[in-house]
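> generate a structure from the sequence data that follows.
(2 chains)
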Amino acid sequence: MIERLVAAIRSRADGGDALWRQSEHTTVAFESGRLKSCGVTEETGCNLRVVRGGKVGVAGTTTADLDDLLSRALASAELGESVDIVFPRSDALPDVSTHAVAAADASLDRLTSIGAELVSRLTRPGCQISVSIEREIATTRVVGSGGADAGYDATGVAVSVDLARFAGDDVLFLSDQYQGTDLPTARDLDALVRTIDERYDRALTVVAPPEGALPVVFTPQGLAAILLPVRQALSGKVVLQGISPLGAKVGETVFDAAFSLTDDPLLPLRPASRPIDDEGTPSARLPLVERGVVRAFIYDLETAARARTRSTGHGTRGTFGKPVAEYSNVVVGGAVLETGSPALGGGLAADVRDGLVIDELIGVGQGNVIGGAFSHPVALAYRIERGEITGRVKDAAVAGNVYELLQRIAGFGTDGRWQGTRWSPSLLLEGVSVARR
Amino acid sequence: MKDRLADALKASRADFTEIRIERTWSSSVSFRGKRLESATASEDQGGFVRVADTGYGWGIAAFTSLDELPAMVRRARELSRAVRLDAPIRLAEVPPSQAEAILDLDGDVRGVPLAEKRRLLEGYNGEMLAVPGVVDTQATYRDEVTEYWFGNSEGTLLHELRPEITLSGQAIARRDGTIEKGLESIGLRKGWNSAPNHAAGFRTVAERAAALLDAPTVTGGTYPVVLDNELAGVFIHEAFGHLSEADFVYENAQARDMMTLGRRFGRAVLNVGDNGAARGLRGTLPFDDEGTPTQDTVLIKDGILVGRLHSRETAAALGERPTGNARAISFRHAPIVRMTNTYIANGQGSVQDLMKDIKLGVYACGAFGGQTLLENFSFTAAYGRMIRDGAPAELVKDVVLAGSLFQTLDRIERIAGDFQWNQMGGGCGKGGQFPLAVTEGSPHVRIEAALVGGDVPA
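Numbers count the residues shown, from 1 in each chain, chains lettered A, B, ... in the order given. The predicted model follows:
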């Protein structure tokens, strides 16, 4: 199918590229502790980009009608802006494992048994437990008029657990997720259970929130709010628009010398790993921030062309719409280490006299993210008093500016772990504004 | 297609089978600043099969290759039989319907050249760019027509044609280190004829973004607050609507206690509902994705919780009637309990009446976003005005409302008689399904006391 598209690009356009992806997604869902449904989604899609007369057009389809796809892409190009996209050549590809046979071959019974085990280990009186197991098997192929023609098979597994507890008008929600290319190991499942157990036990006591400029431990989950502005600022597109606070800071020390951030699509058996991006650019490890110094931004082909630089291999595209630059696996703190202990706060609470552990905030992404200022009510937070976590805090809000807070990191936890596609330990940040509501 | 669907239903050996088939033509145009980002047309098609054998759970198959329909019906049954249940799935009764519901396409967007859509959006984008102080814009046009077939083994067979059109704009104004934004968003279950004549809205939000550069941040504190139609609509959808979705309570005794019918949720002035059958709105459809006719469902009457939103499954579990709220964003997903057009019903008087005895308060307008975690919510208004001596006064920014849902609903003390639907784009997200077309509506609403202000003291 894709061969016909390549021929069509050659005969009717000046250049272009196409992504073809076929996937099978299986879901096993336990609701309120009971196996409830099994589902499968089979999808085949094709995204085509063409260049004609220097102008770029894009179209997508889930039907098999390639002539229609091509004429829609050409119509799109007629309106398109001129961009001098350089399509990648046929290069040697890096070696990265993206496919786990055990995951691909796992039977429905096998997937169900993982869920059943988790349900039985997490069940407790007065709580509703939901668990879902998802497994995806996908084949990707990317071809382009520059010569690139590559493909790869990938598997992905996600195991999600949710606990809900209602006591009068007090609601407690806890959740955690395993994500990997392969099925979870016994250790991975233990970590899920321990994470929920500890957060649950410590949440049963509700204590009053502190107030003032205080040290706060952001867990790997809670760090999302802190890292969001930095992720946006390191996107080549945002830099190109002239609104990134880091746009003119390459080579400058902006963060604590212990703070590094790396995008690494070559880590073995991680769901965001791949030998090429969705535009055919070979994958490479990219240090974004090294020991506090801003080093690089991520680019896809189009933003790279506009910024007169080269793609960093971050082109990401679905069946519909045009490619955009997206991160792959993001590693906080230099390197992926052995998964740490799931203990809440990663051992950082011991050094805190009065403060908080933040596991989840409400409203992350609302407001003016790019400037780095944030202000959020807590969804799940715990109080630290004299080095001990003493209970759950409700009705508190935290605020600060991530560029100020990340200039001085008071500690890295021993709880490094994957949170989706991000690897990080807990971070201890000082001078976070904490208010009672 | 109808025959293929009927044949597949007939061939199914499962006790209950439902099939949805969708074919969607869409196009979109977007600008960033003066530059066209993209202009593209897409075609998407696929099917969804859900079956349950007695004593077994749901087996689900979704697929893009329609030739596979008969095989997928068999596959779904195999998946169902992998789920043994002690308590069988029960579905509340819905009389079978056979209907051809071809909505008015209002100027079929499929016949309009992409270049014309681009010209229209370029004009709206230009309105924003022309405003002094505006340094960057984003503008998006999107349309679609979906042809839809639904059938189940109980005899329901539906064929629908649905149009949709959305327009959105974001203007960024900047001076030195200060950045402010304005958002315009329009979503209609209509066609090309409804796309023109929105220039004024785009200009207004850009002018507001520029005006906010000079506006002070609201002083944090507890105030009497008047919500405008838009923010009140977003509030009732986010903070209360999701709790009224019965899948949240049907298997959870504690949550059911919290949402017991008959519980007082507000004062007698408060009336709330969800109306999937309201005329001509984006959340309106004749049937939901289980083939249940949509309806106007009253949720809060005179301050008392009297109803909730149901799928056939949640209705059967709670011994209540299905309300036509089982919806899916596409053939890739199973229907789950969702809102349609959610509203606070009309009260009396004007917005001036709500303000006239407020010495110092906040008039919170528009919505940049909102999130609730059950009883806790946080909403960011697009802008605000202080209320001084009974009238709106100076413009203020960074108006964030946070608080407890139960407390805040109970503090709604007056509701004006100026009801209006907010025909917004975007959509609602739940369970990995986003964006679902919904609408919200409300009159101006006055809250006796609410916590305002994002900034907390250092």
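> residue ranges with poor pLDDT in the stretch 251-400 of chain A?
Scanning the stretch 251-400 of chain A for pLDDT under 70 picks out nothing.
> so what's the residue of the stretch 1-150 of chain B found nearest chain A bridging to?
Minimum separation of the stretch 1-150 of chain B from chain A (CB to the nearest CB) falls at B:Ile60, amounting to 3.2 Å. Any C-beta I mention is one placed from the backbone N, CA and C, and that applies to glycine too. Per DSSP bridges, the residues bridged to B:Ile60 are A:Gly39, B:Arg50.
> contact partners for B:Met339?
B:Met339 makes contacts with B:237, B:241-242, B:245, B:274, B:283, B:309, B:325, B:428, B:438, as judged by CB atoms under 8 Å, 6 or more residues apart in numbering or on different chains.
> element containing it?
Using DSSP states H and E, B:Met339 is not contained in any helix or strand.
> what pLDDT does it get?
Here, the pLDDT recorded for B:Met339 equals 97.
> and which of the contacts of B:Met339 is nearest chain A?
Once CB to the nearest CB is applied, the member of the contacts of B:Met339 that ends up nearest chain A is B:His242, at 12.4 Å.
> which SS state does the closest one fall under?
Put simply, B:His242 is helix when judged by DSSP: H, G, I helix; E, B strand; the rest coil.
> what lines up beside the lowest-mean-pLDDT helix or strand in chain B in the sheet?
Of all helical and strand segments in chain B, the minimum by mean pLDDT, DSSP states H and E falls on strand B:369-373, at a mean of 79. Using DSSP bridges, the strands paired with strand B:369-373 are strand B:376-380 (antiparallel).
> next SSE downstream of the partner strand?
Next helix or strand after strand B:376-380 toward the C-terminus (DSSP H and E): strand B:383-388.
> does anything pack onto the helix or strand that A:Leu19 is a member of? Which helices or strands?
Under the criterion of DSSP H and E, A:Leu19 resides in strand A:15-31. In terms of contacts (3 or more CB pairs under 8 Å, 6 or more residues apart in numbering or on different chains; DSSP states H and E), strand A:15-31 is packed against helix A:2-12, strand A:34-52, helix A:108-122, strand A:127-144.
> picking that back up, residues in contact with the residue of the stretch 1-150 of chain B closest to chain A?
Contacts of B:Ile60 (CB under 8 Å, 6+ apart): A:27, A:37-40, B:48-50, B:76, B:79, B:334.
> on that earlier part again, mind listing which of the contacts of B:Met339 are in strands?
Among the contacts of B:Met339, DSSP state E puts B:274, B:428 in strands.
> how close does the spatially closest residue to A:Ser130 that is not a sequence neighbour get to B:Gly431?
Take A:Ser130 and drop its neighbours on the chain: the residue closest to it by CB to CB, 6 or more residues apart in numbering or on different chains is A:Asp162, 4.5 Å away. Between A:Asp162 and B:Gly431 the distance is 11 Å, computed by CB to CB, to the nearest Å.
> what do you get for A:Pro215?
According to CB to CB, A:Pro215 stands 37 Å off from B:Gly431.
> kindly report the same for B:Asp289.
Taking CB to CB, one finds B:Asp289 at 14 Å from B:Gly431.
> quick one, which of the two is more surrounded?
Ranked by neighbour count (other CB atoms under 10 Å in any protein chain shown), B:Asp289 and B:Gly431 place B:Asp289 first, with 27 against 12.
> domain map for the chain?
No chain specified, so I'll use chain A. Per automatic domain parsing, the structural domains of chain A span A:2-202, A:205-437.
> that answer is for a different chain, and I need it for chain B
B:2-212, B:221-452.
> distance between the ends of the shortest one?
For domain B:2-212, the separation between the terminal residues is 54 Å (CA to CA, to the nearest Å).
> and B:Ala316, what element?
Assessed by DSSP H and E, B:Ala316 sits inside helix B:312-318.
> so stretch B:51-58, near chain A or not?
Yes: Stretch B:51-58 lies within reach of chain A by CB under 8 Å from any CB of the partner chain, at B:57-58.
> buried set for that stretch?
When burial is assessed from 16 or more other CB atoms under 10 Å in any protein chain shown, stretch B:51-58 yields the following buried residues: B:51-53, B:56-58.
> can you list those in JSON lines and add secondary structure and pLDDT?
Below are the buried residues of stretch B:51-58 laid out as JSON lines (DSSP: H, G, I helix; E, B strand; the rest coil; pLDDT from 0 to 100):
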{"residue": "B:Val51", "secondary structure": "strand", "pLDDT": "97"}
{"residue": "B:Ala52", "secondary structure": "strand", "pLDDT": "95"}
{"residue": "B:Asp53", "secondary structure": "coil", "pLDDT": "93"}
{"residue": "B:Tyr56", "secondary structure": "strand", "pLDDT": "93"}
{"residue": "B:Gly57", "secondary structure": "coil", "pLDDT": "93"}
{"residue": "B:Trp58", "secondary structure": "strand", "pLDDT": "96"}
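> does A:Ala59 touch A:Leu48 like I think?
Yes: under the criterion of CB atoms under 8 Å, A:Ala59 makes contact with A:Leu48 at 5.5 Å.
> what sits in contact with each of these two?
Common contacts of A:Ala59 and A:Leu48 (CB under 8 Å, 6+ apart): A:69-70, A:73.
> so which of those residues are in helices?
Those of the shared contacts of A:Ala59 and A:Leu48 mapping onto helices are A:69-70, A:73, per DSSP state H.
> dump the residues you listed to a markdown table, plus pLDDT and distance to chain B.
Formatted as a markdown table, those follow (pLDDT from 0 to 100; distance: CB to the nearest CB, whole Å):
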| residue | pLDDT | distance to chain B |
| --- | --- | --- |
| A:Leu69 | 94 | 8 |
| A:Leu70 | 94 | 12 |
| A:Ala73 | 95 | 8 |
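> and those, which are buried?
Buried, going by 16+ other CB under 10 Å: A:69-70, A:73, out of those.
> any chance of the residues you listed in a markdown table, plus distance to A:Phe255?
Converted to a markdown table, these look like this (distance: CB to CB, whole Å):
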| residue | distance to A:Phe255 |
| --- | --- |
| A:Leu69 | 45 |
| A:Leu70 | 47 |
| A:Ala73 | 42 |
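> thinking again about what came up before, which of the buried residues of stretch B:51-58 sits closest to B:Gln98?
Ranking the buried residues of stretch B:51-58 by separation from B:Gln98, with CB to CB as the measure, puts B:Val51 on top at 20.9 Å.
> which residues are in contact with the closest one?
B:Val51 makes contacts with B:12, B:14-18, B:58-59, B:73, B:76-77, B:80, as judged by CB under 8 Å, 6+ apart.
> switch the cut-off to 6 Å
B:Val51 sits next to B:14, B:17, B:59, B:76-77, B:80 when contact means CB atoms under 6 Å, 6 or more residues apart in numbering or on different chains.
> and what of A:Leu163?
A:127, A:129, A:174, A:196.
> A strand includes the third one, no?
Spelled out, that is A:Leu174. Yes: assessed by three-state DSSP, A:Leu174 belongs to a strand.
> which non-adjacent residue is nearest it?
Nearest one to A:Leu174, counting by CB to CB, 6+ apart, is A:Leu163 at 4.4 Å.
> and that neighbour, which helix or strand is it part of?
Secondary structure from DSSP H and E places A:Leu163 in strand A:149-167.
> the helix holding B:Ala316 vs chain A: in contact?
No: judged by CB under 6 Å from any CB of the partner chain, helix B:312-318 stays clear of chain A, getting no closer than 9.9 Å.
> residue boundaries of the helices in the chain?
I'll assume chain A. For chain A, the helices defined by DSSP H occupy A:2-12, A:66-79, A:101-105, A:108-122, A:186-203, A:224-233, A:236-240, A:301-306, A:402-405.
> that answer is for a different chain, and I need it for chain B
Using DSSP H, the helices of chain B run over B:2-11, B:69-80, B:114-129, B:199-212, B:229-235, B:253-258, B:312-318, B:351-355, B:405-410.
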